[in-house]
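below is the structure, and that's it, no one-letter string:
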């Protein structure tokens with residue numbers, strides 16, 4: 001009976017029905033994956049400005065705010081006293097984290113302390129008076145770990161570290177935001193593209 005019905009359906013309509021069946025199957029799978037992601041996101045994400053009992057939420061927010069402060073160091077002439085709003089927000093996350101009794105030796109907290117210390121030192125070197133915000137920052141700043149802030153690297157520094165083992169090259173990588181105005185020879189660009197073509201693809205695990 002089924003074969004007879006299929007035989008009686010015009011070829012064009014039959015093809016469209018098959019395509020519709022495939023599309024519905026794909027849409028069902030897509031909806032299933034969407035709901036899976038949505039449930040996980042709703043369960044684990046952190047709403048800014050809301051109280052949270054998850055240390056991971058506050059760790060993520062501290063890292064994000066500290067990084068925003070760090071980026072200000074990367075301009076040729078950072079605006080002195082910049083980032084007061086982000087700094088106060090960072091300190092607020094640190095307070096929530098510490099008051100909840102979470103691990104203050106965690107990288108996120110130690111990094112935030114180090115970034116705040118780098119901020120203070122930078123303004124001291126520039127002999128800039130931060131005013132009241134310095135009093136807010138000082139109790140939360142700690143440069144003992146020296147894991148946050150910024151470094152000034154010369155071309156020679158980068159080349160020296162890159163000429164050693166792969167590990168030393170990889171571990172010496174930093175986000176560079178200011179570059180020389182000297183033009184790059186086209187041969188070097190061609191070499192970089194040629195070498196990059198051998199990087200592993202997602203299927204070549």
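Received, thanks. None of these values were measured; they are calculated from a predicted model.

all contacts plus neighbour counts: C-alpha atoms, from now on.
Fine.

so where's this protein uncertain?
Applying pLDDT under 70 to the chain flags residues 1-9, 46-52, 145-146, 149, 204-205.

residue closest to the middle of it?
Closest residue to the average C-alpha location of the chain: residue 64 at 7.4 Å, with C-alpha atoms, centre = their mean.

so that one: helix, strand or coil?
helix (DSSP: H, G, I helix; E, B strand; the rest coil).

tell me which residues touch it, please.
Contacts for residue 64 (C-alpha atoms under 8 Å, 6 or more residues apart in numbering) come out as none.

just give the number of residues close to the nearest residue to residue 172 once chain neighbours are set aside.
Computed as C-alpha to C-alpha, 6 or more residues apart in numbering, the closest residue to residue 172 that is not its neighbour in sequence is residue 161, at 6.4 Å. Per other C-alpha atoms under 10 Å, the neighbour tally for residue 161 reads 17.

list the buried ones in whichever strand or helix holds residue 161?
Using DSSP states H and E, residue 161 sits in helix 155-162. By neighbour count on 16 or more other C-alpha atoms under 10 Å, the buried set for helix 155-162 is 161, 162.

what does the following helix or strand past it contact?
Per DSSP H and E, the first helix or strand lying C-terminal to helix 155-162 is helix 166-171. Under the contact criterion C-alpha under 8 Å, 6+ apart, helix 166-171 has outside partners 161, 162, 163.

in a markdown table, list those residues along with distance to residue 196.
Formatted as a markdown table, the contacts of helix 166-171 follow (distance: C-alpha to C-alpha, whole Å):
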| residue | distance to residue 196 |
| --- | --- |
| 161 | 20 |
| 162 | 16 |
| 163 | 18 |
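
show me which of those is closest to residue 134.
residue 161 (36.1 Å; C-alpha to C-alpha).

for the chain, give the helix that spans the most residues.
helix 11-44 (DSSP state H).

how far does it sit from its chain's centre?
Between the centre of helix 11-44 and the centre of its chain there are 31 Å (C-alpha atoms, centre = their mean, to the nearest Å).

packing partners of it?
Packed against helix 11-44, as judged by 3 or more C-alpha pairs under 8 Å, 6 or more residues apart in numbering; DSSP states H and E, are no other helices or strands.
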